[in-house]
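Sharing a model prediction with you, sequence too.
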Amino acid sequence: MHLHSAKDLFPVTSEWNESDLRIGGCSVDELAREFDTPLYIYDETTLRQQIREITAAFAPLRVRTSYSAKACAILQVLRVCREEGLDLDVVSAGELAAGMRAGFSPNQIHLHGNYKTDDELEAAARAEIHTVVADSLHDLARIAALANSRGTRVSVALRLRLGLEPSTHPYLTTTGRSSKFGIDPEDLGQAAELTFSGSTVVVTGVHAHLGSQITDAGAYAEMASELLAAATMLRDAGLPVREIGVGGGWAVGYWPGDQSLAPRAVAQALHAHTTANPLFRFAVEPGRAIVARSAVVVYRTGAVKPSPRGRLIAVDGGMGDNPRPALYGARYYCRAVARPFEPSAGLADVVGRYCESGDVLASRVPLPIVLPGDLLCTPVAGAYQLSMASAYNLVPQPAAIMVQDGDARIISRRSTLDDLFARDVD
Ligand SMILES: Cc1ncc(COP(=O)(O)O)c(C=O)c1O
């Protein structure tokens, strides 16, 4: 367990001076002027460092590590993940296409998801990706039918709905007996039968994902025990199960003092299982822990109003680029870029520009005096923000840039008015 200081929340290259923040050797104030706001700034050094920390933690355990594209599927982010040697988890034909465009070999790609369309299964089979993760007996039967009709071998992992109830937000829990994800362990016998009936589907793994923002490493050891029992049962039934996938979900801190879960702690929790079971290879698939800290988002402030809770500071972004606070009360921190060392003038709610009262980006943040036109910077913005962004209120979606060694390049351009109407048929 690790408790974050405010500094730990920002990218590793962050340097504050009296009136500005520099990330990747670039002035945030200048970047905001050049690229406009809201602006997502990804720091390549932080991204690579996060990946290397994970790879180093798991290297002694011979664990396969994937990046979960759902956290952020911008092509240049995916490219960095590929260059650093990760595999890729996808949940749609769109993410599959992103992975291929980013140069992943199909053999590094794994398709998850509780609902896969026929087209998506077809695309996965055509590309000959590494594994399709079956989420239900229905899914497994469809994958088997498709494999048989194509006459090709499809390697499948069975996602299990284990009885574990990790402590996190209910919307972030993806196991437990009422979860929409996974096959009940009691149904594994049926799953085995389905794959025996002359099909070209081969069950090579079992998998589970606890949820997100999990702070307890012990939960991974517990899950690994249950998965090993299931895998052993399937092997006894004659299936060539080799891989135990324990998902992702390692917590990252969003607020000073938040707990996070270090990759090293997950590796330690799995260590006894990996050494005692050399027949199996383990796999992990974090998303947030790889990409969250690598980015900040910078907003320009508008009106500042008094409120009984303190101040309301309106900014030029909100739930369109970051729906997480409105979706499940995610709590964000922020700093005034030009006044980093000024004392707090009291608590403020940073509210978005979207026409919803629930569009509050950061609640009760201690901030100095903030004037209209100032920049506010929210750290830990790299995951599940742009990938969940919408064009609600027909507000263009923000640009993302990648910075490194004083250079900044656009990795996802701001959408234009024409983009907003590109799908309308008038
Ligand atoms: C199957 C699966 N694997 C991995 C992840 C990644 O989770 P996180 O980004 O919290 O590590 C998710 C997220 O929902 C998931 O559903």
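Good, I have the coordinates.

closest point of the stretch 301-426 of the chain to the ligand, which residue?
residue 383 (6.1 Å; C-beta to the nearest ligand atom). All C-beta atoms are positioned from the backbone trio N, CA, C, and that covers glycine.

In this structure, which helix is the longest?
Longest helix in the chain, counting residues (DSSP state H): helix 218-236.

Tell me which other helices or strands the next helix or strand after it touches.
Sequence-wise, the next helix or strand downstream of helix 218-236 (DSSP states H and E) is strand 243-245. Under the contact criterion of 3 or more C-beta pairs under 8 Å, 6 or more residues apart in numbering; DSSP states H and E, strand 243-245 touches strand 201-207, helix 218-236, strand 281-284.

Averaged pLDDT, strand 243-245. What do you get?
In this model, strand 243-245 has a mean pLDDT of 98.

likewise stretch 211-230?
Stretch 211-230 comes out at a mean pLDDT of 95.

Whether it contacts the ligand - can you check?
Yes - interface with the ligand: stretch 211-230 contributes residue 212 (C-beta under 6 Å from any ligand atom).

in that stretch, what's buried?
Residues of stretch 211-230 classed as buried: 211-217, 219-221, 223-224, 226-228, 230 (neighbour count, 16 or more other C-beta atoms under 10 Å).

what are the ranges of the strands in the stretch 251-400 of the chain?
Secondary structure of the stretch 251-400 of the chain (DSSP state E, counting those that start in this stretch): strands located at 259-260, 281-284, 295-307, 310-315, 335-336, 347-351, 360-366, 375-378, 399-404.

same question, the stretch 51-200 of the chain
Counting by DSSP E, counting those that start in this stretch, the stretch 51-200 of the chain has strands at residues 64-68, 87-90, 109-111, 131-134, 154-159.

orientation of the first one relative to strand 201-207 in degrees?
This points to strand 64-68. 80 degrees (axes from the mean of the first three to the mean of the last three C-alpha atoms, to 10 degrees).

which stretch among the helices and strands packed on strand 243-245 comes nearest residue 300?
In terms of C-beta to C-beta, the element of the helices and strands packed on strand 243-245 nearest to residue 300 is strand 281-284, at 38.4 Å.

What is that closest one packed up against?
strand 64-68, strand 243-245, helix 263-276.

Adding mean neighbour count and distance to the ligand as columns, could you present those in a markdown table?
Shown next, in a markdown table, are those (neighbours: other C-beta atoms under 10 Å; distance: least, C-beta to the nearest ligand atom, whole Å):
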| stretch | mean neighbour count | distance to the ligand |
| --- | --- | --- |
| strand 64-68 | 26 | 4 |
| strand 243-245 | 25 | 8 |
| helix 263-276 | 18 | 10 |
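
Nearest to residue 113, out of these?
The closest of the helices and strands packed on strand 281-284 to residue 113 is strand 64-68. By C-beta to C-beta, the value is 11.4 Å.

could I get the closest one in PDB with only the CA atoms?
C-alpha atoms of strand 64-68 as PDB (Å, rounded to 0.1, in the frame of the first residue of the first chain):
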ATOM      1  CA  ARG A  64       2.400 -12.000 -19.400                       C
ATOM      2  CA  THR A  65       1.400  -8.300 -19.200                       C
ATOM      3  CA  SER A  66      -1.200  -6.700 -21.300                       C
ATOM      4  CA  TYR A  67      -2.400  -3.100 -21.500                       C
ATOM      5  CA  SER A  68      -6.200  -2.700 -21.400                       C
END
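
mean confidence score for that strand?
For strand 64-68, the per-residue pLDDT averages 98.

same deal with stretch 137-149?
Here the average pLDDT along stretch 137-149 is 92.

Stretch 399-406 too?
Rounded mean pLDDT across stretch 399-406 is 98.

contacting residues around that stretch?
13, 23-26, 31, 35-36, 39-45, 74, 76-77, 295, 386, 408-414 (C-beta atoms under 8 Å, 6 or more residues apart in numbering).

mind saving the C-alpha coords of it as PDB?
In PDB, the C-alpha atoms belonging to stretch 399-406 read as follows (Å, rounded to 0.1, in the frame of the first residue of the first chain):
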ATOM      1  CA  ALA A 399      -6.900  17.800 -28.000                       C
ATOM      2  CA  ALA A 400      -4.300  15.500 -26.500                       C
ATOM      3  CA  ILE A 401      -0.600  16.100 -26.900                       C
ATOM      4  CA  MET A 402       2.400  14.100 -25.900                       C
ATOM      5  CA  VAL A 403       5.400  15.900 -24.400                       C
ATOM      6  CA  GLN A 404       9.000  14.800 -24.000                       C
ATOM      7  CA  ASP A 405      12.300  16.600 -23.700                       C
ATOM      8  CA  GLY A 406      10.900  20.000 -24.500                       C
END
